[in-house]
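Undergrad: Take this sequence and fold it.
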Amino acid sequence: MTDTVAPQKSLLVRNPNFRALWLSGTVGVLGTAVTSIALPVIAVVELQASDFAVAALAGMTFLPWLILGLPVGVWVDRWPRKPVIVWSLVGRIATLATIPVTFWLGIMSVAQLFVVAFLVGLSAVFFTLSDQALIPQAVSKDELVEGNGLMTASSASADAAGRGIAGWLTVAVGASNSLLVQIITSFASLFAISSLRLKEAEPYQGERRIFREMKDGLRYTFSTGPLRAILFNAALWNLGGSMVASLLVLLVLRTLNESEIWLGVLLAAASVGGALGGITVKRATERFGSGPVWRYAMVPGVLGYASLLIMTPGYGMLWGVVGMFVMGVCIAWNIVVGSAFRQRVCPPAMMGRLGAASRMVSWGMLGVASILGGILAELVGIWNAVLIGVLLAVAAPLVAIFGPLRHVERLEDLEPGQEPRA
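TA: Numbers count the residues shown, from 1 in each chain. Okay, the predicted model is just below:
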């Protein structure tokens, strides 16, 4: 007679605290996905904004990471994280509500869109840093890849659903009215996070000197070769990839003269790919090793973005749909592996500052890239600006393939502070 081992229940079933974080994040992503399409469509269709304004608007939600990410990271490490999440959601709801109201009153402006995008991005800084700091406390170290995979898969699925319906919604009820979706999902996130019963680690109790704590976060982020490699890889990808993403609405609506529905389909394809990547990353790392998966995943990701350059109106848009799907799968693999490694090696009291410092560099590039993309769109045209963004994104896999992690098979075997062998 042979012994049989009962299959382990899913992390979502066996861990109610992770389930609360998962549900809060997933429904929030659904609303954010709708808003990410609705805001630039408002600028293009309802306000007739310039190419520069449309592209730069996409970066305003990420600019707070570059400007305020470090001090927010310090505050997140000082405070209990659950109340921070709650108040960030309240701020998001109040800010977004101003858009449909001013639209109904006929006083909406491009300047208001920029302010709202920035404030919504600032609330996302508080939410994301607190949420990411709680995940390693809600699961064990051995569950981090599974947990991050589930978070990535469900977020990408919600993102795909949100982007898929956003194109239709902006046509059916108007882009400004579509923002009501994120207001509703933010209330749903509040309800989900209220069920969290996690006993949080003690907040940081050291010297209350914000600049010293910000410096500590930056120092730790750049303290080892693996952390530096993961950071530079993400930053370079975001610089080039976000430039392409910020120009996609212009490429589809103005260069190709296609509808908002195709825009939603393209972005949904990337999100569906991300969902598949999140589901399959654990199996991929078990078969090929987390090191090779992290290093080589971005190569087909770059090719996926390059497919946008060969799109033509009508069925020629399908080249971009396939490419965005491939890009979504591969980038999800890269992100999950990198995030799990950082969460594994970082002390709980440093998580807020590590997340802030790393995202200040990597996500800060999203804001810079969008502004740069808008400038290039005005100077060299939309198509050429997309080409430049693709070429910049090529640097990301090069850092991974030829950097200090080029010989590492399993990132999880590296201990905190350990440098890989040359």
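Undergrad: Okay, now the unreliable bits of the stretch 201-350 of the chain?
TA: Residue ranges of the stretch 201-350 of the chain with pLDDT under 70: 201-214, 217-218, 348-350.
Undergrad: Can you list the residue ranges for helices in it?
TA: Ranges of helices in the stretch 201-350 of the chain, per DSSP state H, counting those that start in this stretch, are 210-221, 225-250, 260-288, 290-296, 298-306, 318-345.
Undergrad: Leu190: neighbour count?
TA: Around Leu190 there are 18 other residues, counting by other Cβ atoms under 10 Å. C-beta coordinates here come from the backbone N, C-alpha and C atoms, glycine included.
Undergrad: contacting residues around the residue nearest to it when sequence neighbours are not counted?
TA: Excluding its sequence neighbours, the residue lying closest to Leu190 (Cβ to Cβ, 6 or more residues apart in numbering) is Leu89, at 5.1 Å. Going by Cβ atoms under 8 Å, 6 or more residues apart in numbering, Leu89 touches Gly28, Ser123, Phe127, Ser186, Ser189, Leu190, Ile193.
Undergrad: next one: Leu63
TA: Phe118, Gly121, Gly364, Gly367.
Undergrad: Specify which member of those residues is nearest to Val74.
TA: Nearest to Val74 among the contacts of Leu63 is Gly364, at 16.4 Å by Cβ to Cβ.
Undergrad: I figured the closest one was touching Trp65, is that so?
TA: Yes. With contact defined as Cβ atoms under 8 Å, Gly364 counts as touching Trp65 (4.9 Å).
Undergrad: Settle it for me: which of these two has more neighbours?
TA: Trp65 (28 against 21).
Undergrad: burial measure for Phe126, as a count.
TA: The burial count for Phe126: 24, using other Cβ under 10 Å.
Undergrad: Am I right that it is in contact with Lys82?
TA: No. Using Cβ under 8 Å, Phe126 is not in contact with Lys82, being 11.8 Å away.
Undergrad: Pull up the gap between Ser88 and Trp75, please.
TA: Applying Cβ to Cβ, to the nearest Å, the value for Ser88 to Trp75 is 12 Å.
Undergrad: So between those two, which is more surrounded?
TA: Set side by side, Ser88 and Trp75 show more neighbours around Ser88, with 25 against 20, by other Cβ under 10 Å.
Undergrad: circling back: which one of the contacts of Leu63 is nearest to Arg19?
TA: Gly121 (27.0 Å).
Undergrad: Kindly provide the distance from the closest one to Phe127.
TA: Relative to Phe127, and taking Cβ to Cβ, Gly121 is found at 10 Å.
Undergrad: same deal with Val101?
TA: According to Cβ to Cβ, Val101 and Phe127 sit 23 Å apart.
Undergrad: Pick out whichever of the two has more residues nearby.
TA: For the pair Val101 and Phe127, the greater number of neighbours falls to Phe127 (26 against 12), based on other Cβ under 10 Å.
Undergrad: quick one: contacts for that one?
TA: Per Cβ under 8 Å, 6+ apart, neighbours of Phe127: Gly28, Val84, Ile85, Ser88, Leu89, Arg92.
Undergrad: can you redo the residues you listed as a markdown table with secondary structure?
TA: A markdown table is the format used below for those (DSSP: H, G, I helix; E, B strand; the rest coil):
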| residue | secondary structure |
| --- | --- |
| Gly28 | helix |
| Val84 | helix |
| Ile85 | helix |
| Ser88 | helix |
| Leu89 | helix |
| Arg92 | helix |
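Undergrad: Could you find which two of those are furthest from each other?
TA: Gly28 and Val84 (14.2 Å).
Undergrad: Looking at these two, which is more packed in?
TA: Gly28 (28 against 22).
Undergrad: I'd say the more buried one and Ile183 touch.
TA: No. Contact between Gly28 and Ile183 fails when scored by Cβ under 8 Å: they sit 11.4 Å apart.
Undergrad: Okay, and which of the contacts of Leu89 map to helices?
TA: Gly28, Ser123, Phe127, Ser186, Ser189, Leu190, Ile193 (DSSP state H).
Undergrad: list the contacts for the first one?
TA: When contacts are counted by Cβ under 8 Å, 6+ apart, Gly28 is found next to Leu89, Phe127, Thr185, Ser186, Ala188, Ser189.
Undergrad: Over to the last one?
TA: By Cβ under 8 Å, 6+ apart, Ile193 lies in contact with Ala20, Leu21, Ser24, Lys82, Ile85, Val86, Leu89.
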